[in-house]
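> need a 3D model of the sequence below.
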Amino acid sequence: MITKKIKVQIKNGLEARPVAVLVQVASQYESSIYVECKDKKVNAKSIMGMMTLGLIAGEEVIVSANGDDEENAMTDIVKYLSAANA
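Residues are numbered from 1 along each chain as shown. Purely as a prediction, here's the structure:
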């Protein structure tokens, strides 16, 4: 299992479209992937769960991945959340 603290760089935060893209990215992997913010931890493959976080640009989250492809999953999630123009 790997975890990483990430600052959300998506300029409008995680609104409906960016959440949908994040869920698509996470769903490509077999690993369990979770995003944690404040006192909430949700499955990154759940669009409804991710929407409940209401993440805004500049907010810090903790992403965790656990499974055979966790390294690749973490790389892609970090790349997406760190993209200022996503």
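> my read: residue 68 touches residue 32, true?
No. Residue 68 lies out of contact with residue 32 (C-beta atoms under 8 Å); the separation is 10.9 Å. The way it works is simple: take the backbone N, C-alpha and C, and place the C-beta from them, glycine included.
> show me where this protein has strands.
Counting by DSSP state E, the chain has strands at residues 2-7, 32-37, 40-43, 60-66.
> returning to that earlier point: so between residue 68 and residue 32, which is more surrounded?
residue 32 (16 against 10; other C-beta atoms under 10 Å).
> how much space separates that one from residue 41?
According to C-beta to C-beta, to the nearest Å, residue 32 and residue 41 sit 11 Å apart.
> buried deepest among the strands of the chain, which one?
Mean neighbour counts were compared across the strands of the chain using mean count of other C-beta atoms under 10 Å; the top stretch is strand 32-37, at a mean of 20.
> paired strands for it, with orientation please.
When pairs are called by DSSP bridges, strand 32-37 turns out to pair with strand 40-43 (antiparallel), strand 60-66 (antiparallel).
> what about residue 14, distance to residue 55?
Taken as C-beta to C-beta, the span from residue 14 to residue 55 is 4 Å.
> what touches both of these two?
Contact criterion C-beta atoms under 8 Å, 6 or more residues apart in numbering; residues shared by residue 14 and residue 55: residue 8.
> could the strands paired with strand 32-37 go into a markdown table alongside mean pLDDT and distance to residue 5?
Listed next are the strands paired with strand 32-37 as a markdown table, based on pLDDT from 0 to 100; distance: least, C-beta to C-beta, whole Å:
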| stretch | mean pLDDT | distance to residue 5 |
| --- | --- | --- |
| strand 40-43 | 97 | 14 |
| strand 60-66 | 97 | 5 |
